[in-house]
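1. this one's structure only:
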């Protein structure tokens with residue numbers, strides 16, 4: 001089977017300068033099991049192959065002499081020429097990409113990347129002609145590579161399959177209103193000639209009935225035209241188009257693909273515009289709709305609503321207030337994904353029971369809906385993703401710990417259910433990538449975690465806000481990207497932390513850690529705030545880490561002293577009256593925000609190990625602030641208000657004062673203490 005790239009987090013990829021490659025350049029796909037390094041500040045436009053300038057994409061491709069064959073011809077659509085090889089577009093130089101968004105796109109430096117199902121990553125752009133995504137080279141304005149489509153199941157991207165021109169002609173003969181692209185989608189969906197002909201016959205037989213039913217519905221408002229009448233006309237036209245597999249050519253997200261082949265279409269329905277009647281709106285099913293999003297309010301449940309969409313594989317809700325689901329969810333045998341996380345949806349017990357009748361579900365998201373006692377997933381043995389956060393569960397979902405090996409489960413999210421009280425056993429969950437047990441009332445680490453029979457590819461582990469007292473070992477978790485052990489009452493770092501594990505986030509905030517092991521490399525993404533760190537060496541390392549990363553890895557508790565005394569501990573007695581007078585002159589109501597930010601400096605590591613120097617810097621700033629004009633003061637207030645890091649705030653204020661006073665360009669704002677003389 002092909003090796004898939006990492007599913008989330010920072011992906012390290014290679015960016016080529018052109019499509020051609022010399023023989024000594026490694027063109028193999030990147031191994032996703034190896035985490036690559038970070039090349040910060042890399043400009044993609046500046047990347048060129050060392051072998052020389054790029055040439056035409058097809059310059060090195062040896063093509064056979066054209067041959068005339070008396071047979072059906074498969075081509076890649078919409079370009080009749082032979083498609084460029086996708087391997088020529090694989091990224092070559094190493095950069096770090098952010099997580100993919102909900103559409104499977106990774107945005108970096110105003111460019112868009114996608115992960116391929118066969119492994120590797122390519123740069124893509126929207127084709128301006130037909131609104132499709134194609135692979136592109138860094139130096140291209142318009143993409144020249146193969147068209148790519150996203151698989152609805154894996155979220156990865158495939159080259160779009162070519163189609164048979166003879167079958168395309170057959171489709172357009174029966175449905176002449178379809179464009180070439182729409183006809184190609186039809187052929188891609190049904191494949192062989194016999195299946196395609198059967199679907200064309202079904203459409204021809206059922207279309208008149210559907211048109212009559214929809215016409216009756218729209219004509220009921222014909223004598224009082226208005227917004228509702230126009231809405232009915234629009235929805236009727238949309239349903240007829242989808243019945244004929246006629247999608248929108250300019251809406252790439254309206255089409256759904258599996259493995260590079262057309263699967264169907266997405267449809268968004270406002271239920272407040274749907275008729276409430278005893279009989280279904282239409283008796284002719286629309287098989288092309290495989291993904292449905294419901295929005296709008298419901299005063300009552302439509303009869304057999306889902307009977308019109310028997311091929312649904314994905315059901316979501318969005319937007320406005322909804323009271324319950326339409327009737328018939330439990331009879332959707334093809335349903336694989338149910339996302340009902342819309343907080344404005346109110347599910348009934350009947351709705352919950354209908355969901356239990358869907359044993360083939362792969363993804364279930366009920367976040368925010370009270371489930372209470374007795375919710376079971378015992379029959380949902382094909383689940384890959386289970387999200388039950390904030391659902392008032394008082395125990396683990398029925399069946400989670402009873403069945404041997406939920407080996408297919410990839411995401412288990414039970415966060416914000418404080419009465420669960422016991423951790424699930426993850427033994428046998430070999431494919432688990434995300435485990436979120438934040439604030440679930442557990443007091444022990446989940447069974448199987450960190451063992452030979454536990455998850456090997458765990459990427460995100462969140463156990464925060466539980467009284468664990470002991471941290472799990474990270475040994476063997478080579479793919480871990482995020483670890484959250486905040487507010488778990490641990491007093492030391494977990495074993496197994498390295499320069500690459502976890503890769504992006506380590507949250508140990510609000511625990512009882514007093515020092516940082518020398519073996520731990522402090523880096524961006526670490527959060528140690530709220531720990532009683534008193535070790536001077538650790539505090540100095542935190543100062544250095546902030547200057548290196550630009551972020552506060554640790555901040556202490558802010559002092560309650562709002563007076564000038566906070567900054568007078570090391571001031572000579574003779575200078576104290578002068579400092580107090582300065583403080584009183586500036587500490588007015590109009591400057592209360594600025595002085596609040598100054599007090600925030602008591603949280604910095606400098607306050608504990610460089611307090612004398614920090615006091616000098618504070619008084620030097622206040623003296624400069626008093627001398628500054630109105631415009632200069634406004635700029636300084638702006639810096640203090642916008643900079644969230646206290647330590648960085650003071651540094652930026654000092655830089656701003658130097659910029660305003662040319663005479664101080666090469667001088668510190670404060671006098672440094674004299675170094676002790678070494679004998």
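-> Yep, it's here. This structure is a prediction, so every number in the text was calculated from the model and none was measured.

2. Let me know the helix or strand that the residue minimising distance to the centre of the chain is in.
-> Computing the C-alpha centroid of the chain and ranking residues by Cα atoms, centre = their mean puts residue 101 first, at 4.6 Å. Residue 101 belongs to no helix or strand when elements are defined using DSSP states H and E.

3. and it, what pLDDT?
-> On pLDDT, residue 101 comes in at 84.

4. Contact partners for it?
-> residue 107 (Cβ atoms under 8 Å, 6 or more residues apart in numbering). All C-beta spots, glycine's among them, are computed from the backbone N, C-alpha and C.

5. and if you look at residue 649?
-> 597, 600, 601, 639, 640, 643.

6. Number of residues surrounding the second one?
-> A count of neighbours around residue 600, defined by other Cβ atoms under 10 Å, yields 19.

7. out of everything not next to it in sequence, what's closest to it?
-> residue 646 (4.5 Å; Cβ to Cβ, 6 or more residues apart in numbering).

8. hang on, residue 542 in a strand?
-> No: Residue 542: not assigned to a strand; according to DSSP: H, G, I helix; E, B strand; the rest coil it is helix.

9. Tell me if I'm right that it and residue 523 touch.
-> No: counting by Cβ atoms under 8 Å, residue 542 stays clear of residue 523, with 11.9 Å between them.

10. who has more neighbours, these two?
-> Neighbour count, other Cβ under 10 Å: between residue 542 and residue 523, residue 542 has more, with 26 against 15.

11. got a list of what the more buried one touches?
-> Residues in contact with residue 542 (Cβ under 8 Å, 6+ apart) are 516, 522, 528, 533, 553, 554, 605.

12. Reformat those residues as a markdown table; add distance to residue 618 and pLDDT.
-> Output for the contacts of residue 542, formatted as a markdown table (distance: Cβ to Cβ, whole Å; pLDDT from 0 to 100):
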| residue | distance to residue 618 | pLDDT |
| --- | --- | --- |
| 516 | 27 | 96 |
| 522 | 26 | 95 |
| 528 | 24 | 97 |
| 533 | 22 | 96 |
| 553 | 22 | 96 |
| 554 | 20 | 97 |
| 605 | 15 | 97 |
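
13. Tell me the one of those residues nearest residue 86?
-> residue 522 (40.7 Å; Cβ to Cβ).

14. distance of residue 392 from residue 355?
-> Noted for residue 392: a distance of 16 Å to residue 355, by Cβ to Cβ, to the nearest Å.

15. more crowded one of these two?
-> In this view residue 392 and residue 355 are compared by other Cβ under 10 Å, and residue 355 has more residues nearby, 21 against 16.

16. you'd agree residue 517 is up against residue 493?
-> Yes: counting by Cβ under 8 Å, residue 517 touches residue 493, with 5.7 Å between them.

17. quick one: which of these two has more around it?
-> Each of residue 517 and residue 493 has its neighbours counted (other Cβ under 10 Å); residue 493 has more, 20 against 11.

18. Let me see the contact set for that one.
-> 471, 508, 513, 516, 517, 520.

19. Am I right that the fifth one falls within a strand?
-> To tie it back to what came earlier, the one meant is residue 517. No: according to three-state DSSP, residue 517 belongs to no strand; its state is coil.

20. give the contact list for it.
-> Residues in contact with residue 517, defined by Cβ under 8 Å, 6+ apart, are residue 493.

21. before we move on, back to that, touching, the residue nearest to residue 600 and residue 606? I think so.
-> No: at 9.1 Å, residue 646 and residue 606 do not qualify as touching, with contact defined as Cβ under 8 Å.

22. Need the three-state assignment for residue 599.
-> Residue 599 - assigned by three-state DSSP - is helix.

23. Report the spatially closest residue to it, excluding sequence-adjacent ones.
-> Once flanking residues are discounted, residue 599 sits nearest to residue 562: 5.9 Å by Cβ to Cβ, 6+ apart.

24. ranges for the helices of the stretch 451-600 of the chain?
-> 536-549, 576-586, 592-599 (DSSP state H, counting those that start in this stretch).

25. Check which helices and strands the longest helix belonging to the chain sits against.
-> Counting residues, the longest helix found in the chain (DSSP state H) is helix 193-219. Taking 3 or more Cβ pairs under 8 Å, 6 or more residues apart in numbering; DSSP states H and E as contact, the helices and strands that helix 193-219 lies on are helix 165-174, helix 180-190, helix 227-243.

26. Take these and write them to a markdown table, including mean pLDDT.
-> Compiled in a markdown table, the helices and strands packed on helix 193-219 are given as follows (pLDDT from 0 to 100):
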| stretch | mean pLDDT |
| --- | --- |
| helix 165-174 | 90 |
| helix 180-190 | 89 |
| helix 227-243 | 87 |
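
27. Tabulate those (a markdown table), appending distance to residue 486 and mean neighbour count.
-> Output for those, formatted as a markdown table (distance: least, Cβ to Cβ, whole Å; neighbours: other Cβ atoms under 10 Å):
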| stretch | distance to residue 486 | mean neighbour count |
| --- | --- | --- |
| helix 165-174 | 57 | 17 |
| helix 180-190 | 48 | 23 |
| helix 227-243 | 47 | 16 |
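
28. Show me the one of these that comes nearest residue 336.
-> Taking the helices and strands packed on helix 193-219 one by one with Cβ to Cβ, helix 180-190 is closest: 17.2 Å.

29. quick check: angle from that closest one to helix 193-219?
-> Angle of helix 180-190 versus helix 193-219, following axes from the mean of the first three to the mean of the last three Cα atoms, to 10 degrees, is 120 degrees.

30. Check the offset of helix 180-190 from the chain's centre.
-> Chain-centre distance of helix 180-190: 31 Å, with Cα atoms, centre = their mean, to the nearest Å.

31. okay, and for the stretch 501-650 of the chain, where does confidence drop off?
-> In the predicted model, the stretch 501-650 of the chain carries no residue with pLDDT under 70.

32. So residue 631 versus residue 643, what's the distance?
-> For residue 631, the distance to residue 643 equals 19 Å [Cβ to Cβ].

33. Pick out whichever of those two has more residues nearby.
-> Neighbours per residue (other Cβ under 10 Å) separate residue 631 from residue 643, with residue 643 holding more: 16 against 9.

34. Please report the distance of residue 143 from residue 200.
-> As for residue 143, its distance to residue 200 is 33 Å (criterion: Cβ to Cβ).
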